[in-house]
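Visitor: sequence and computational prediction follow.
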Amino acid sequence: MKLNKLLLLVLFVFFGSAVFAQSSSAELKRQKEALQRKIDLLQKNAAKAANNKKLTLTQIRSINTKIGLMQSKISVINSEIKNLDVQIHENTNTVHTLKGQLGQLKKEYANMIRFAQRNRGSYDKMMFIFASSDFNQAYKRIKYLQQFGQYRKKQADYISGKQKDLNYKIVVLDKNLKEKSNLLHEQEDVKNKLGKDKSAQSQVLNKFSKEERTYRQDLEVSRKRQAQLDREIRAAIARDIARDLAIAKKKAEDEQRAAAAKAKAENKPIPVAKVPSSGNYIAPTPESAKLSSGFEGNRGSLPWPVAAGNITERFGVHTVGQAKYTNDGVTIETTENATVRAVFNGKVTRVINSYNRVVILINHGQYYTVYQNLKSASVSVGDNVTTKQAIGVVANSEDTPQMQFQIFRGAAAQNPESWISNR
């Protein structure tokens, strides 16, 4: 009985670990495929921009992003190989165990057959039964012969089953070894490509260093334009906040006057109402409060503003040569003429045209999402939009399709990467 329980426990642990390994392998494969799609997108855009003889900041960011993605892919392949090594080790041990069990079973079965052959002449079945002293003993001998025959058949079937298990595990083990060999070749291929990209990165940075003055001038022009646009965006948000605050103040003052009049009529102390201060942003309606709550509830799972893309520049302060600048959002490199989508339900509050590009602001209660570098908009101010609704088409910047995506809580810029899904 204890042996059976132990066998069941071993089987449970073995099959449980096999299922976990399969699940882990499937997830690693999914991650690797997703990384490869991102790498392919960057490579495709780089090929289109290859005719541009002038080095651009976009090219530098794309190369850096591609190198990071390839390093991530190598890490995923390493995890796949480690996962396979565990499976190979487990399956090798299982094959050895099954071979040992099968050998022991065959040995025991052979002894059983030899015993039956030696005693077949001396103990003829019928004589064995008729030699019984009474009916009860004869019945027991019949049952014994039946059980002995059934046990032999059961052992033969058990041996056959063990042989099938062994053959299956050998096939699985061979498959594991082939998969590992393929992964090692894939890893070597990615490492070779990574080496070439690092060499290209070194050449690009060297060129940038030699011509830094020219690039610094271009960067300064771009930075000033972006700073002007950011000021315009923040001013638009500030006007909305001031408007909502004024509404909230007026509502509080009206409630205060009504409460004072009622208290005076009832000869009671006049209550002191809390009037919103200019330092706070108050959602003036239940609808906008609900929208803010819904937006916050989807933190980390908001959809991307484009169906496919790579973040080539992250949120925060960046340094190029001696120049420093701040990105209030993230720069996303995407596909040619990609559709830009709203990341959450909201209302379009601004459609700004700046330097032949379109910027769209969408309000989500206390939050705003900003979509920059669009060549066209398919929504207008005052339109209500839903999650993933198309709002425009991305434009090219420096021969590369890319957009700027920002999230604000009031006037405070948020890091979009902590809000959108990690795909």
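Guide: Noted; the coordinates are in hand.
Visitor: quick one: secondary structure of Thr387?
Guide: coil (DSSP: H, G, I helix; E, B strand; the rest coil).
Visitor: that one and Pro303 touch, don't they?
Guide: Yes - contact criterion CB atoms under 8 Å: Thr387 and Pro303 qualify, at 6.6 Å. Yep, even glycine has a C-beta here, placed from its N, CA and C like the rest.
Visitor: need the overlap of contacts for those two.
Guide: Val343 (CB atoms under 8 Å, 6 or more residues apart in numbering).
Visitor: mark out where each domain of the chain begins and ends.
Guide: 10-210, 286-418 (automatic domain parsing).
Visitor: quick check: which of those is buried the most?
Guide: domain 286-418 (a mean of 18; mean count of other CB atoms under 10 Å).
Visitor: average pLDDT for stretch 342-349?
Guide: Averaging pLDDT along stretch 342-349 gives 95.
Visitor: now find how far off-centre that stretch is within its chain.
Guide: Distance of stretch 342-349 from the chain centroid (CA atoms, centre = their mean, to the nearest Å) equals 24 Å.
Visitor: now do the same end-to-end measure for that stretch.
Guide: 13 Å (CA to CA, to the nearest Å).
Visitor: before we move on, what about stretch 364-384?
Guide: 10 Å.
Visitor: for the stretch 1-150 of the chain, which spans come out with low pLDDT?
Guide: Where the stretch 1-150 of the chain drops to pLDDT under 70, the residues are 1-23, 48-56, 98, 101-102, 105-106, 108-150.
Visitor: for the residue lying closest to Asp197 once chain neighbours are set aside, list the residues it contacts.
Guide: Here the nearest residue to Asp197 in space, its sequence neighbours aside, is Ile67; by CB to CB, 6 or more residues apart in numbering that works out to 5.3 Å. For Ile67, the contact set (CB under 8 Å, 6+ apart) comprises 194, 197-198, 201.
Visitor: please apply the same query to Leu41.
Guide: 308-310, 333-335.
Visitor: host element of it?
Guide: According to DSSP states H and E, Leu41 maps onto helix 2-48.
Visitor: skip ahead from that helix and say which helix or strand is next.
Guide: helix 57-120.
Visitor: ignoring the adjacent residues along the chain, who's closest to Gly329?
Guide: Gln406 is the one closest to Gly329 (CB to CB, 6+ apart), at 3.3 Å.
Visitor: got it, and Tyr371?
Guide: Tyr371 sits nearest to Ile360 (CB to CB, 6+ apart), 4.6 Å away.
Visitor: the one you found: which element?
Guide: Per DSSP H and E: strand 357-364 holds Ile360.
Visitor: that strand: partners in the sheet, and parallel or antiparallel?
Guide: In the sheet, strand 357-364 lines up against strand 346-354 (antiparallel), strand 367-377 (antiparallel) (DSSP bridges).
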